[in-house]
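Asker: sequence and predicted structure below; questions after.
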Amino acid sequence: MKRILLAEDEENIADFVCRGLESFGFEVDRASRGDEAWEKLQANDYDLALLDIRMPGMTGLDVCRHLREQRGYALPVLMLTALGTTDDIVLGLQAGADDYMVKPFKFTELVARINALLRRAVSYRQAAPLSCGDLSINAATHKARRQDTEVDLSTKEYRLLEYLMRHEGETLTRRQLLRDVWDKDFDTNTNVVDVYVRYLRQKIDEGFEPKLIHTIVGVGYCFSREERP
């Protein structure tokens, strides 16, 4: 039985989510404050954490940051939030969250996302390091190495870079990246892909040659060891 920590200060939402997850066979521990959630994460082994962003004591963002700093990326984190702008999404993902859902949400979608994250966590633990030229990434640590330089990657930075590397030489549209890396259909006006490509370029291209991430004007991006026109 998979064990989940649910950190949510709104009692009605917590009751609803807890009952629903238990009906799907999950074991659920609850916390109504961020500091309480952090204490439980330190004291217990969980398979996944559901963290509301706005909680008393500590925010969900703070809990997630502490978790990543101390325990790495083995535990999947799904953020629950009433905030749905691109900036809020980026803040959550930069804190180390694997995914997020905006309240109110459909419970069946929540369960589907939980199951997807649990499957991905298993595949990450089993994955061998991936390399392209002088760049390599490690799924277990979410670190990249280019030549002799090691850099940390957030969860979404890692997933985006891994996807680009596995599709080396292919032109990838923004819609394709949104669908396959973020697992959902965003508003097509969002710039979240461009934001994360910029983050990756700063970490793995700046100061190195050749450049690996190329912009395909009017279409999207391509990961290639060769210069693109």
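Answerer: Noted; the coordinates are in hand. Residues are numbered from 1 along each chain as shown.
Asker: tell me, how many residues neighbour D148?
Answerer: For D148, the tally of surrounding residues (other Cβ atoms under 10 Å) stands at 6. To be clear about C-beta, it is placed using only N, CA and C from the backbone, and glycine gets the same treatment.
Asker: the strand or helix carrying R159: how far from the chain's middle?
Answerer: Using DSSP states H and E, R159 falls within helix 155-166. How far helix 155-166 lies from its chain's middle: 10 Å, per Cα atoms, centre = their mean, to the nearest Å.
Asker: touching that helix from outside, list them.
Answerer: The contact list for helix 155-166 (Cβ atoms under 8 Å, 6 or more residues apart in numbering) reads 73, 77, 93-94, 96-98, 130, 132, 135, 137, 139, 142, 144, 153, 172, 177, 180-182, 193, 196-197, 199-200, 203-204, 213, 221, 223.
Asker: separation between V28 and P104?
Answerer: 19 Å (Cβ to Cβ, to the nearest Å).
Asker: the two: which has the busier surroundings?
Answerer: V28 (18 against 8).
Asker: list the buried ones in whichever strand or helix holds the more buried one?
Answerer: Using DSSP H and E, V28 falls within strand 27-31. By neighbour count on 16 or more other Cβ atoms under 10 Å, the buried set for strand 27-31 is 28-31.
Asker: just give me the residue closest to the centre of this protein.
Answerer: Geometric centre of the chain, nearest residue: D98, 2.4 Å, by Cα atoms, centre = their mean.
Asker: got the domain ranges for this protein?
Answerer: 3-125, 128-223 (automatic domain parsing).
Asker: quick check: which element contains L178?
Answerer: Assigned by DSSP H and E, L178 falls in helix 174-181.
Asker: give the contact list for the residue lying closest to N138 once chain neighbours are set aside.
Answerer: The shortest distance from N138 to any non-neighbouring residue, by Cβ to Cβ, 6 or more residues apart in numbering, is to P129 (4.8 Å). Residues in contact with P129 (Cβ under 8 Å, 6+ apart) are 136-139.
Asker: who are the packing partners of the helix holding L178?
Answerer: With contacts taken as 3 or more Cβ pairs under 8 Å, 6 or more residues apart in numbering; DSSP states H and E, helix 174-181 sits against helix 155-166, helix 192-200, strand 220-223.
Asker: and the last one, what's its mean pLDDT?
Answerer: By that I understand strand 220-223. Taken as a whole, strand 220-223 has a mean pLDDT of 95.
Asker: how about low-confidence regions in the chain?
Answerer: Within the chain, the ranges that satisfy pLDDT under 70 run 84-86, 122-128, 184-189, 228-229.
Asker: by residue count, what's the longest helix in it?
Answerer: Taking DSSP state H as the criterion, the chain has its longest helix at helix 107-126.
Asker: all good on my end, thank you.
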